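Student: Following is a predicted model, sequence given first.
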Amino acid sequence: MNKSKVYKPSFFYTLSFIEGASVMATELIGAKFLAPYFGSSLYVWSSVMAITLGALALGYFYGGRLSAKTNTTYCLMLVLIAAALFMMLMPFLVGSLFVFAKLFSLIPALVISGTLLLLPPVFLMGMVSPLIIKNLTTKAEDSGKRAGEVYAVSTLGGIITTFLTGFYLIPAFGLKIPLLIFAGVQLILPVYFLVQHKKNTSALLVLIFTSLFSYKTWATKNTDTDVLYSQDGLLGKVEVLNYIKRVDSSSEVLQTRMLLMNNIIQTWTGPDGQNPQLEYARQIEDNVSEGKNKKALLLGLGGGTVATILNKKGYKVTAVELDERMVEVARSYFSLNKNVKVIVDDARHGIQNLHEKYGVVMVDLFSAEVSPSHVLSKESLEQLSLLMNKQGLLIINTYGYLQKPAGKGNLALIRTLKECGFRVSVCATDTEEKEDYRNIVIYASQQVLPALNQQIHEALDLSDAAVITDDFPALEYLNAEAAQRWRFAYLRNFILVRP
């Protein structure tokens, strides 16, 4: 006899809600676990979504097969327990993912790592809904109604968790603790079931494993004394570390400080937050004139290096930065001047409320390797032009690619600037032959631009370049090849050799 009949429907609907919540928490947190190795580009999110959907599909299929067995309530509890334990294993699996990064190129390494991380727990959670539907269905004619209710409740759990995890849990507690919370909540009712049915040995084993995983996660602390700050968030993992830089091939070394977002350098300075080490910042320092009594607008603060440079040149600086952690980091670790005004907001939204005129507008919005289309669309750039003085200078930091196919995004950006009436000059931070290892800085103005340091003089083929608009926000798609090449070079040359 199936013992599920002694349980009220609310018992199973509660399980369904928890399962839906756990699926979304696992997907979101899993993507963030992968980000320090593989970034947060279109490739990463596409892979995570495909793996999640594939795992759910397999789970639905095998859960449906399992629902034809007897004693499905006991099977359901075992599946939920196994899924929770695999969720708890995820933080320990992440540390070994770099092995695949060494063995394979970027996309295969990403797919293999994502599959190993996400497939087991999500597959098991996919089995839950068919088993719950079987336990709730007493008459064949009720099966459709029960299925609809179960999937609706599960989806509701996912929706609530997406908001809760993204807006509160990850920013407040990082990645590991929310994962433990959802896994622990998922274990409560199954352990209660085991105890109620005198499966005390099984319940004890579950509690032992849960306690062990929880202790290991809570007790694991960053023992690297060179890491001054580390916090996970929905926008990525932010770190500040002291870093020893070797000078060319000599034995001389420099003490430096880095700000990283998902293992990608956002700011690199001397240990006191001064003396920028990134070439694009030095180039801007050379190419921007003195700005006494002028104003500058920065879209993207990072560690505040460019803000500091412009502040020293006499500009009154306003920065718009979406990630509140960056403001804290810039002031605490990179000596950002307190006179720099920072608005915590999305760049496109933030400029809606600005009415001053700026002599310099800097767009530096790489989130790891992703640039947001909505800030670099024709409509957004036209709006920025209205905030600039007649002699105002617009500066955009971007990938080092100008040759197709990796250069499609930059060529589209340059054409879009020209469509907005800007005159454009392009400067590289290294030689043309090293596109994978350089940035380019685009300078644009409504007036004729002077000769600039490290300017590229070759003609650019814009004949088939796209124009980025709000209706055609294709920059990330056009930059997909660039993101893949750039991340792979970065993975091999910095992330995997990082001390």
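Tutor: Arrived safely, thanks for sending.

Student: and Asp346, how far is that from Ile442?
Tutor: Taking Cβ to Cβ, to the nearest Å as the criterion, Asp346 is separated from Ile442 by 21 Å. (Each C-beta comes from the backbone N, C-alpha and C, glycine too.)

Student: These two: which is more packed in?
Tutor: Ile442 (19 against 16; other Cβ atoms under 10 Å).

Student: ok so that one is a helix residue?
Tutor: No - under DSSP: H, G, I helix; E, B strand; the rest coil, Ile442 sits outside any helix and is assigned strand.

Student: burial of the closest residue to Leu80 other than its chain neighbours, as a residue count?
Tutor: Spatially, and ignoring its direct neighbours in sequence, Leu80 is nearest to Pro190 (4.7 Å; Cβ to Cβ, 6 or more residues apart in numbering). Applying other Cβ under 10 Å, we find 25 residues neighbouring Pro190.

Student: what's the answer for Pro91, then?
Tutor: Counted with other Cβ under 10 Å, Pro91 comes out at 19.

Student: wait, doesn't it sit right on Ala183?
Tutor: No - counting by Cβ atoms under 8 Å, Pro91 sits too far from Ala183 to count as a contact (10.6 Å).

Student: pLDDT weak spots in the stretch 151-300 of the chain?
Tutor: For the stretch 151-300 of the chain, the stretches flagged by pLDDT under 70 are 213-225, 246-251.

Student: For it, which segments count as strands?
Tutor: Here the stretch 151-300 of the chain has its strands, by DSSP state E, counting those that start in this stretch, at 227-231, 238-246, 253-261, 264-269, 295-299.

Student: Can you tell me which of those strands is packed in deepest?
Tutor: Mean neighbours per residue, mean count of other Cβ atoms under 10 Å, is largest over the strands of the stretch 151-300 of the chain for strand 295-299, with a mean of 26.

Student: Going by neighbour count, list what's buried in the helix or strand just after it.
Tutor: Next along the chain after strand 295-299, taking DSSP states H and E as the criterion, comes helix 305-312. For helix 305-312, burial by neighbour count (16 or more other Cβ atoms under 10 Å) applies to Thr305, Val306, Ala307, Thr308, Ile309, Leu310, Asn311.

Student: picking up where we left off before, which ones are touching the residue nearest to Leu80?
Tutor: Pro190 makes contacts with Met77, Leu78, Leu80, Ile81, Ala84, Val206, as judged by Cβ atoms under 8 Å, 6 or more residues apart in numbering.

Student: now, which of those residues sits nearest Ile51?
Tutor: Nearest to Ile51 among those is Ala84, at 19.1 Å by Cβ to Cβ.

Student: Now do the same contact list for that closest one.
Tutor: Shown in contact with Ala84 (Cβ under 8 Å, 6+ apart): Ser22, Pro121, Ala183, Gly184, Gln186, Leu187, Pro190, Thr210.

Student: sec struct for it, please.
Tutor: Classified using three-state DSSP, Ala84 is helix.

Student: just to revisit the earlier point, put together TSV for the contacts of Pro190, with distance to Ser129 on each row.
Tutor: Below are the contacts of Pro190 laid out as TSV (distance: Cβ to Cβ, whole Å):
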residue	distance to Ser129
Met77	15
Leu78	16
Leu80	12
Ile81	17
Ala84	16
Val206	22
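
Student: Residues contacting stretch 414-434, please?
Tutor: Residues contacting stretch 414-434 (Cβ under 8 Å, 6+ apart): 279-280, 283, 287, 376-378, 381-382, 385, 394, 400, 402, 437-449, 452-456, 458, 460, 462, 465-469.

Student: buried residues in it?
Tutor: Residues Ile414, Arg415, Thr416, Leu417, Cys420, Phe422, Val424, Ser425, Val426, Cys427, Ala428, Thr429 are the ones in stretch 414-434 that count as buried (16+ other Cβ under 10 Å).

Student: just how off-centre is the lengthiest helix in the chain within its chain?
Tutor: As assigned by DSSP state H, the longest helix anywhere in the chain is helix 9-38. Helix 9-38 sits 17 Å away from the centroid of its parent chain (Cα atoms, centre = their mean, to the nearest Å).

Student: Over to stretch 89-99?
Tutor: 18 Å.

Student: What is the end-to-end distance of that stretch?
Tutor: Distance across stretch 89-99, first residue to last, is 17 Å (Cα to Cα, to the nearest Å).

Student: List the buried residues for stretch 327-336?
Tutor: By neighbour count on 16+ other Cβ under 10 Å, the buried set for stretch 327-336 is Val327, Val329, Ala330, Arg331, Tyr333, Phe334, Ser335, Leu336.

Student: Please list all residues in contact with the fourth one.
Tutor: It refers to Arg331. So, once contact is read as Cβ under 8 Å, 6+ apart, Arg331 ends up touching Gly304, Lys338.

Student: now the last one
Tutor: Contact criterion Cβ under 8 Å, 6+ apart gives Gly273, Leu301, Gly303, Gly304, Ala307, Thr308, Ala330 as the residues in contact with Leu336.

Student: What ranges in the stretch 301-450 of the chain fall below the confidence cut-off?
Tutor: Counting by pLDDT under 70, the stretch 301-450 of the chain has low-confidence residues at 367-369, 431-433.

Student: cool, the stretch 1-150 of the chain as well?
Tutor: 1-6, 98.

Student: again, 90 this time
Tutor: The model of the stretch 1-150 of the chain has pLDDT under 90 over residues 1-8, 32-46, 68-71, 89, 91-110, 137-143.
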